[in-house]
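Chemist: After the sequence you'll find the predicted model.
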Amino acid sequence: MRRNLPTLAECLLAGGLTLLGFGALAADAATPTLTIAKPWTRATPANAPVAGGYMTITNTGGEPERLTGGDFGIAGKIEVHEMAMNNGIMTMRPLQNGLEIKPGASIELKPGSYHLMLMGLKGQLKQGETLKGTLTFEKAGKVPVELSVESMGATTAPMQMNH
Ligand SMILES: [Cu+2]
């Protein structure tokens, strides 16, 4: 019996594609040692100072790698943050030494967890736009990525079809 693919309705009900290997978002990126899947961010209200950046990074190489930051023209500064519960309060803090990704491992940057923090936004992020920039890795150096700007309430990257 084969039933590998859920129906579209099931997929929409599930609220996203976290379990599905779509790889269909506009801007997956890869280097010889890294893949960066489903890079996205959220639309911001006017004058919002910060935004989060989310994606799944897989280290396909044989050496540990480290995400240390990035560069997006619209942001004054990029930091790598983690979120954690501290005495019942959700707090976030910059990872001063970046985020390590072991060989063969995948790390998901997502709301409520690790994320890129786009600080000092110089403009509003509007749904449907694409944010071009680079991620900086200890070994791979600068890797171009495009964040798709999703709705303000998005908690996972939505499914994209026919793009
Ligand atoms: Cu943050």
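Modeler: Received it, and whenever you're ready, just let me know what you need.
Chemist: residues from this structure in reach of the ion?
Modeler: Residues of the chain that fall close to the ion, judged by CB under 5 Å from the ion: 81, 92, 117. Any C-beta I mention is one placed from the backbone N, CA and C, and that applies to glycine too.
Chemist: and the first one, what does it touch?
Modeler: With CB atoms under 8 Å, 6 or more residues apart in numbering as the criterion, the residues that contact His81 are 52, 92-95, 114-117.
Chemist: do you know how far Thr134 is from Glu146?
Modeler: Thr134 sits 10 Å away from Glu146, taking CB to CB, to the nearest Å as the criterion.
Chemist: same question but for Met55, I mixed them up
Modeler: According to CB to CB, Met55 and Glu146 sit 10 Å apart.
Chemist: Next, show the common contact partners of these two.
Modeler: Joint contacts of Met55 and Glu146 (CB under 8 Å, 6+ apart) are Pro39.
Chemist: neighbour-wise, which of the two wins?
Modeler: Met55 (27 against 18; other CB atoms under 10 Å).
Chemist: What's the mean pLDDT across the helix or strand harbouring that one?
Modeler: In the assignment (DSSP states H and E), Met55 maps to strand 51-59. On average, the pLDDT along strand 51-59 is 97.
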